[in-house]
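K.L.:
Sharing a model prediction with you, sequence too.
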Amino acid sequence: MQKVNLAEKLALFDSHWDPHVVADYNDNEVMVVKFQGEFPLHSHPDTDDFFLVIDGEVLLDIEDETLTLGPGELAVVPRGKVHRPRAILEAKVLLIEPKGVPNTGDPATATAKPKI
């Protein structure tokens, strides 16, 4: 068992939209990522999508509505809902997804999720 310092993990990379796995939880990956700009609209047909804002502000477009999330706030996008996160300024986010789920909803366009 090890503790994970999220600030230390986030300091290891500068890229945006590039999730890094910091822990495994049952059959899930716990990841940190930096958002800036706009991610493509996408959906996950078989799983919900979990977002917890650590720092900054995230605009989460979910079909016909936009949620604004600040530090300490989270949202869960239900499976199958078309969505996209956006951030005007850099935001730091914790994600939880089942292992092997592509971040874009499509394996052909998904980024790798290195473990740090």
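P.N.:
All right, it came through fine. Numbering: from 1, shown residues only.

K.L.:
ok, residues contacting the strand ranked longest in the chain?
P.N.:
Counting residues, the longest strand found in the chain (DSSP state E) is strand 83-98. Strand 83-98 is touched from outside by 6, 10, 16, 19, 25, 27-43, 47, 49-63, 77, 103, with contacts defined as C-beta atoms under 8 Å, 6 or more residues apart in numbering. (Each C-beta comes from the backbone N, C-alpha and C, glycine too.)

K.L.:
How far does that strand sit from its chain's centre?
P.N.:
Centroid displacement of strand 83-98 relative to its chain, using C-alpha atoms, centre = their mean, to the nearest Å, is 4 Å.

K.L.:
Same check on stretch 50-68?
P.N.:
For stretch 50-68, the distance to the chain centre is 10 Å (C-alpha atoms, centre = their mean).

K.L.:
and what of stretch 4-12?
P.N.:
Mean-position distance between stretch 4-12 and its chain equals 15 Å (C-alpha atoms, centre = their mean).

K.L.:
Kindly report the same for stretch 5-15.
P.N.:
Relative to its chain's centre, stretch 5-15 lies at 14 Å (C-alpha atoms, centre = their mean).

K.L.:
quick one: terminal-to-terminal distance for it?
P.N.:
Using C-alpha to C-alpha, to the nearest Å, one end of stretch 5-15 lies 19 Å from the other.

K.L.:
For that stretch, give the mean pLDDT please.
P.N.:
Summarised as a single mean, pLDDT over stretch 5-15 is 97.

K.L.:
can you check stretch 101-116 too?
P.N.:
When pLDDT is averaged along stretch 101-116, the result is 72.
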